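K.L.:
sequence? don't have it. structure:
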C-alpha cells in the first residue's frame with residue numbers, strides 16, 4: 001500500500017473495481033448536474049425503437065442554461 005500526501009494509506013483495488021468506480025462516477029456526474037456542471041438529458045420525443053429509446057433526445061449542456069440541443073437517432 002502507498003502513503004499519500006496527508007499520511008493516509010491508500011488501498012489497492014482491482015481493475016474491475018476501478019471500472020465500476022468510473023461507471024458510478026459518470027452516473028453521479030449526470031444525476032446531479034447542478035453540482036457537477038455536466039450535461040444532462042432534459043427531454044425526449046418521437047417514436048421509441050425496440051429498445052425503448054426515443055427518436056429524439058434533448059440535452060442541456062449545463063444546469064441553469066436557457067437552451068438545449070436536440071439529437072435525432074440515426075436510421
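P.N.:
Good, I have the coordinates. Please read all numbers here as calculations on a predicted model, not as lab measurements.
K.L.:
Tell me the pLDDT of the closest residue to residue 28 other than its chain neighbours.
P.N.:
The shortest distance from residue 28 to any non-neighbouring residue, by Cβ to Cβ, 6 or more residues apart in numbering, is to residue 36 (7.1 Å). Glycine gets a C-beta too; all of them are placed from N, C-alpha and C. At residue 36, the model reports a pLDDT of 86.
K.L.:
Residue 36: neighbouring residues, count only.
P.N.:
When neighbours are counted by other Cβ atoms under 10 Å, residue 36 registers 15.
K.L.:
need the contact list for it.
P.N.:
Taking Cβ atoms under 8 Å, 6 or more residues apart in numbering, we find residue 36 in contact with 28, 29, 30.
K.L.:
Compare these and tell me which is most surrounded.
P.N.:
So for those (other Cβ under 10 Å), the most neighbours sit at residue 29, 15 neighbours.
K.L.:
Hmm, residue 39 and it touching each other?
P.N.:
No. Residue 29 is not in contact with residue 39 according to Cβ atoms under 8 Å; the separation is 9.2 Å.
K.L.:
Now name the helix or strand holding residue 30.
P.N.:
helix 15-31 (DSSP states H and E).
K.L.:
now for that helix, which elements pack on it?
P.N.:
Applying 3 or more Cβ pairs under 8 Å, 6 or more residues apart in numbering; DSSP states H and E, one finds that helix 15-31 contacts helix 33-36.
K.L.:
tell me how far the longest strand seen in the chain is from the chain's mean position?
P.N.:
Scanning the chain for the strand with the most residues, using DSSP state E, yields strand 40-48. Centroid separation between strand 40-48 and its chain, computed with Cα atoms, centre = their mean, to the nearest Å, is 16 Å.
K.L.:
now the angle between helix 15-31 and that strand, please.
P.N.:
90 degrees (axes from the mean of the first three to the mean of the last three Cα atoms, to 10 degrees).
K.L.:
by contact count, what packs against strand 40-48?
P.N.:
strand 54-60.
K.L.:
what does the next helix-or-strand element following the strand it packs on rub up against?
P.N.:
Using DSSP H and E, the helix or strand that follows strand 54-60 in sequence is strand 69-72. For strand 69-72, the external contacting residues (Cβ under 8 Å, 6+ apart) are 46, 55, 56, 57, 58, 59, 60, 61.
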